[in-house]
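A.B. asks: Give me a 3D structure for the following:
(4 chains)
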2 protein chains.
Amino acid sequence: MRRQMTEMLKGTLEGIVLGILSGRPAYGYEITARLREMGFSEIAEGTVYALLVRIEQRGFVDVEKHPSEKGPPRKVYSLNVQGQAHLEEFWRTWGFLAERLEELHEGGR
Amino acid sequence: MRRQMTEMLKGTLEGIVLGILSGRPAYGYEITARLREMGFSEIAEGTVYALLVRIEQRGFVDVEKHPSEKGPPRKVYSLNVQGQAHLEEFWRTWGFLAERLEELHEGGR
DNA sequence: TACTAGTACATAGTAACACAGAGTAGTGGC
DNA sequence: GCCACTACTCTGTGTTACTATGTACTAGTA
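C.D. replies: So this is what the prediction gives:
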């Protein structure tokens, strides 16, 4: 992946995944697929799993195991109340940053 | 600084500083001050100087030393052609990310 | 049986970057 | 002499996404 995007994803990827989960519960493989659909074609699978472990440990999601027709059981993640709060905080932080960058970009032209 | 913002700044702070320099040349202390004016009140001084060293080493800026009326000489950084190109690339990357996040945020409500 | 592909999760090691904190230097005012 | 302000430098730390690799289960197919 391009270095610039890699760095920019630090801090935002977590929010993106929480955002995906806010719609409805999902499991790792599914989340990876959705990210690819969204255009983040180069996000490594391992990255997503590591992130899911992290947000689980921080208590932002609840986890349930569901058997899969094909392959090993799925770990289905759903956003809980703390996760919802964290996501809202994420949107606020993102909003602030996006505003500043918008201003800067406007001014630079 | 809040952890969330710290992580989000990774990768974007470089673009912000290049954006500031695209307006006109500036020195480290001045850039720090401008960032604070913009609302990034908690960005550490050391962070800005380290970033400036990095973009100098990557050849995005030209540097000139100017004596100061108060304090040690200033290192004035100005964006060169490569820096300009890198900044444009930054805006493209940022634009992509911002669009995706916008969609996600809209969809989540 | 052996293989391939697709699904699904996990982890060890690495690089990049913002931070905290401390330090060095110069000027001017009290 | 001491403090405040200006201006830059450096060392060590934590977080995060990446690469690379591995495990495990199913279905198809030759």
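A.B. asks: how about the residue nearest in space to the middle of chain A, secondary structure?
C.D. replies: Geometric centre of chain A, nearest residue: A:Val17, 1.7 Å, by CA atoms, centre = their mean. Reduced to three states with DSSP: H, G, I helix; E, B strand; the rest coil, the structure at A:Val17 is helix.
A.B. asks: got the residues of chain A near DNA strand C?
C.D. replies: Contact residues, chain A versus DNA strand C (CB under 7 Å from any atom of the strand): A:3, A:7, A:27-30, A:45-46, A:49-50, A:52-53, A:68-76. Heads up, the C-betas are built off the backbone N, CA and C, glycines and all.
A.B. asks: From these, which land in strands?
C.D. replies: In strands, judged by DSSP state E, the following of those are found: A:27, A:74-76.
A.B. asks: for chain A, which spans come out with low pLDDT?
C.D. replies: A:1, A:108-109 (pLDDT under 70).
A.B. asks: isn't A:Phe60 right up against A:Gly15?
C.D. replies: No. With contact defined as CB atoms under 8 Å, A:Phe60 and A:Gly15 do not form a contacting pair (10.9 Å).
A.B. asks: neighbours of the residue nearest to A:Leu52 when sequence neighbours are not counted, just the number please.
C.D. replies: Spatial nearest neighbour of A:Leu52, chain neighbours left out: A:Gly28 (5.5 Å); criterion: CB to CB, 6 or more residues apart in numbering or on different chains. When neighbours are counted by other CB atoms under 10 Å in any protein chain shown, A:Gly28 registers 18.
A.B. asks: Would you check that A:Gly28 makes contact with A:Leu51?
C.D. replies: No. Assessed by CB under 8 Å, A:Gly28 is found out of contact with A:Leu51, at 9.1 Å.
A.B. asks: got a list of what the residue nearest to A:Leu52 touches?
C.D. replies: A:45, A:48-49, A:52, A:74-75, A:77 (CB atoms under 8 Å, 6 or more residues apart in numbering or on different chains).
A.B. asks: A:Asp62 too?
C.D. replies: Per CB under 8 Å, 6+ apart, neighbours of A:Asp62: A:77-78, A:80.
A.B. asks: now these in JSON lines, with neighbour count and distance to DNA strand D?
C.D. replies: As requested, the contacts of A:Asp62 are exported to JSON lines (neighbours: other CB atoms under 10 Å in any protein chain shown; distance: CB to the nearest atom of the strand, whole Å):
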{"residue": "A:Tyr77", "neighbour count": "25", "distance to DNA strand D": "15"}
{"residue": "A:Ser78", "neighbour count": "14", "distance to DNA strand D": "20"}
{"residue": "A:Asn80", "neighbour count": "15", "distance to DNA strand D": "18"}
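A.B. asks: so which of the residues you listed comes closest to chain B?
C.D. replies: Set against chain B, the nearest of the contacts of A:Asp62 by CB to the nearest CB is A:Ser78 (14.3 Å).
A.B. asks: Assign that closest one to helix, strand or coil.
C.D. replies: Quick answer, by three-state DSSP: A:Ser78 is strand.
A.B. asks: tilt between whichever helix in chain A runs longest and strand A:74-79?
C.D. replies: In chain A, taking DSSP state H as the definition, the longest helix is helix A:81-107. Helix A:81-107 runs at 70 degrees relative to strand A:74-79, counting by axes from the mean of the first three to the mean of the last three CA atoms, to 10 degrees.
A.B. asks: Helix A:81-107 and chain B in contact?
C.D. replies: Yes. Judged by CB under 8 Å from any CB of the partner chain, helix A:81-107 and chain B are in contact via A:89-91, A:93-94, A:96-98, A:100-101, A:103-105, A:107.
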